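Participant: Got a sequence here, can you build the structure:
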Amino acid sequence: MSWKEYEIYITRHLQRLFPETDIQHDVCREGLISKTKRQIDVLIEDRVAGFDLKIIVDCKYFNKKVDVKGVESFLSFLQDLKASKGILITNNGYSEAAYNRATADKLDG
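Facilitator: Numbering: from 1, shown residues only. You can find the predicted model right below:
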């Protein structure tokens, strides 16, 4: 499987799980901070209780674990795109530091 096939697999899996939700693969949106187009692997958008919900899914198909730099980069990416939530999916797991960084940072604000 290639990284692109992995992204498509994740997108289709989410579309099967949530058929009533708008789930798109390979979307570009302008960053609010960077003012440049940003590529999103999987974008989930819906309206819940009168609020717009935007979930960004980043798919990492690596031969090693995602490290803490990868998590920090993803957190900045979410902030730039003003995501409601983010999901960082990997085929090979996360380093302990990456896991600690991800679980310590709450984007509930």
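
Participant: Figure out how far the lengthiest strand in the chain is from the centre of its chain.
Facilitator: In the chain, with assignment by DSSP state E, the single longest strand is strand 37-48. With Cα atoms, centre = their mean, to the nearest Å as the basis, strand 37-48 stands 8 Å off its chain's centre.

Participant: That strand pairs with which strands, and in what direction?
Facilitator: Applying DSSP bridges to the sheet, strand 37-48 is found paired with strand 22-30 (antiparallel), strand 51-60 (antiparallel).

Participant: Can you tell me which residue is spatially central in the protein?
Facilitator: Val57 (2.2 Å; Cα atoms, centre = their mean).

Participant: hang on, it packs against Ala83?
Facilitator: No - using Cβ atoms under 8 Å, Val57 is not in contact with Ala83; the gap is 9.8 Å. Every residue, glycine included, has its C-beta placed from N, CA and C.

Participant: that older thread, residues in contact with the residue nearest to the centre of the chain?
Facilitator: For Val57, the contact set (Cβ atoms under 8 Å, 6 or more residues apart in numbering) comprises Ile10, Leu14, Ile40, Asp41, Val42, Leu43, Ile44, Gly86, Ile87, Leu88, Ile89.

Participant: Surely the last one is within a strand?
Facilitator: Pointing back at Ile89 there. Yes - residue state for Ile89 (DSSP: H, G, I helix; E, B strand; the rest coil) corresponds to a strand.

Participant: Can you tell me how far it is from Thr36?
Facilitator: Separation of Ile89 from Thr36 (Cβ to Cβ, to the nearest Å): 24 Å.

Participant: More neighbours: those two, which one.
Facilitator: Neighbour tally, Ile89 and Thr36, criterion other Cβ atoms under 10 Å: the higher count belongs to Ile89, 17 against 9.
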